[in-house]
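Enquirer: quick one, fold the following:
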Amino acid sequence: MKLLKPILAPLLCAALLPSALRAQPPAALDALSRLSPVVAVPAPSYPAYKGGTVSGDVSVIALPYFLGGRRVWVYLPPGYRSDAARRYPVLYMHDAQNLFDASTSYSGEWRVDEACEELIRSGRIPPFIVVGVENAGAGRIAEYTPWADPKHGGGKAAAYLEALERVLKPEIDRRYRTLPDARNTFMAGSSLGGLVSAYAGYWRPQVWGGVIAMSPSYWWASERFLSWSSAVPKPGLRFFYQDMGTAEGGADPGVDDYIGMLRKVESAALAQGFREGKDFFSVEAAGHNHSEASWAARFPLVLQLLFSRR
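Expert: Just a heads-up that it's a prediction; the model follows:
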């Protein structure tokens, strides 16, 4: 169990990385994930997004046959358009409105583009593509929950994940130079987006080779994820990350012990055969709350852990 002290965001990555990784120079971390060039594919012609706080090469597209024309944000790493021979891993993320641009978020942004630009350009992680899927607004709860909750409804995650797997992912692989195998395909989200990401890793590990569940809503449907995931064999995930801020809590009686739920899932995952510090990470962030600001502060750490493990 890693405990994050409440320090400034620039120091978060160093504070949370296991000592074995902290001892390695950035070049060593980068070398773990070098990708070999493959056959060239023409670069897409989508213009960069001109939103208020966006950094780097970010486009917004809409596919009429994907969830009724749902908008998708695509971040392309430095060098993508100039190196036509290279292919890239892809990180799929939920709640795209909150990832890149503060003007489209109702409570601040994750600064995904800024984090990727800094880490990639400094050589601390290899380049990769981010695909952010906008949430459905009033339909968000239904899409991000695998089971119905007696009080809150929901339970339509299977259909949402099928659309990601069978409609969106093939189209992204067609339009962009991706590495489409599970080893190079990841999913990340927070809150209910963290819940659906963890669920996807157990449900379709042959598609999503690594999952990132930040502040996951494990309380949903009377902690159904814990009982469900504990009853199945260990999925073939190469990377399972979960975290929680110590200042998080639920408004409903009986669901405010978020750290306790995180620890129970950790115990169950380790009992299944996940190895702490190898393919499994569980982080408790001291003083962090349930907010975009907290997730933005932890996100650079997660990226470095993810790509140091490949």
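
Enquirer: so where's the stretch 1-150 of the chain uncertain?
Expert: Scanning the stretch 1-150 of the chain for pLDDT under 70 picks out the ranges 1-48.

Enquirer: measure stretch 155-169 end to end?
Expert: Chord length of stretch 155-169, first to last residue, is 22 Å (C-alpha to C-alpha, to the nearest Å).

Enquirer: what of stretch 194-212?
Expert: 7 Å.

Enquirer: just the strands from the stretch 151-300 of the chain, written as ranges.
Expert: Applying DSSP state E, counting those that start in this stretch to the stretch 151-300 of the chain gives strands spanning 185-190, 210-214, 239-245, 280-285.

Enquirer: which of those strands sits closest to residue 139?
Expert: strand 185-190 (15.4 Å; C-beta to C-beta). C-beta: built from backbone N, CA, C; applies to glycine.

Enquirer: tell me the mean pLDDT over that closest one?
Expert: Averaging pLDDT along strand 185-190 yields 98.

Enquirer: can you dump the C-alpha atoms of it in PDB for me?
Expert: Taking C-alpha atoms only, strand 185-190 is exported to PDB below (Å, rounded to 0.1, in the frame of the first residue of the first chain):
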ATOM      1  CA  THR A 185      -4.700  -0.900 -25.100                       C
ATOM      2  CA  PHE A 186      -5.700   0.600 -21.800                       C
ATOM      3  CA  MET A 187      -8.800   2.200 -20.100                       C
ATOM      4  CA  ALA A 188      -9.000   4.900 -17.400                       C
ATOM      5  CA  GLY A 189     -11.600   6.700 -15.500                       C
ATOM      6  CA  SER A 190     -12.600   8.200 -12.100                       C
END
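
Enquirer: just the residues contacting it, thanks.
Expert: For strand 185-190, contacts defined as C-beta atoms under 8 Å, 6 or more residues apart in numbering pick out 89-95, 144, 169, 179, 195-197, 200-201, 207-216, 239, 295, 302, 306.

Enquirer: which residues does residue 290 contact?
Expert: Contacts of residue 290 (C-beta under 8 Å, 6+ apart): 191, 215, 245, 248.

Enquirer: kindly apply the preceding question to residue 110 instead.
Expert: 98, 99, 100, 292, 295, 296, 299.

Enquirer: make a markdown table out of these and add neighbour count and distance to residue 262.
Expert: As requested, the contacts of residue 110 are exported to a markdown table (neighbours: other C-beta atoms under 10 Å; distance: C-beta to C-beta, whole Å):
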| residue | neighbour count | distance to residue 262 |
| --- | --- | --- |
| 98 | 25 | 22 |
| 99 | 28 | 23 |
| 100 | 30 | 27 |
| 292 | 20 | 19 |
| 295 | 30 | 15 |
| 296 | 19 | 20 |
| 299 | 27 | 18 |
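
Enquirer: longest helix of the protein?
Expert: Of all segments of type helix in the chain, defined using DSSP state H, the longest is helix 292-308.

Enquirer: what is that one packed up against?
Expert: helix 12-16, helix 19-22, helix 26-31, helix 112-121, strand 185-190, strand 210-214, strand 239-245, strand 280-285 (3 or more C-beta pairs under 8 Å, 6 or more residues apart in numbering; DSSP states H and E).

Enquirer: buried residues, that helix. List them.
Expert: Using 16 or more other C-beta atoms under 10 Å as the burial criterion, the residues of helix 292-308 that qualify are 292, 294-308.

Enquirer: model confidence over that helix, on average?
Expert: The model assigns helix 292-308 a mean pLDDT of 95.

Enquirer: how many other residues sit next to residue 145?
Expert: 25 (other C-beta atoms under 10 Å).

Enquirer: give me the distance between the closest residue to it other than its chain neighbours and residue 147.
Expert: Of all residues not flanking residue 145 in the chain, residue 154 sits nearest, at 3.4 Å (C-beta to C-beta, 6 or more residues apart in numbering). As for residue 154, its distance to residue 147 is 7 Å (criterion: C-beta to C-beta, to the nearest Å).

Enquirer: neighbour count winner among those two?
Expert: Comparing residue 154 with residue 147 by other C-beta under 10 Å, the one with more neighbours is residue 154, at 20 against 17.

Enquirer: what sits against that one?
Expert: By C-beta under 8 Å, 6+ apart, residue 154 lies in contact with 141, 142, 144, 145, 147, 148, 220, 221.

Enquirer: for PyMOL, what selects the buried ones among those?
Expert: Filtering the contacts of residue 154 down to the buried ones (16+ other C-beta under 10 Å) takes a single PyMOL command:
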select buried, resi 141+142+144+145+147+220+221
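
Enquirer: cool, thanks, talk later.
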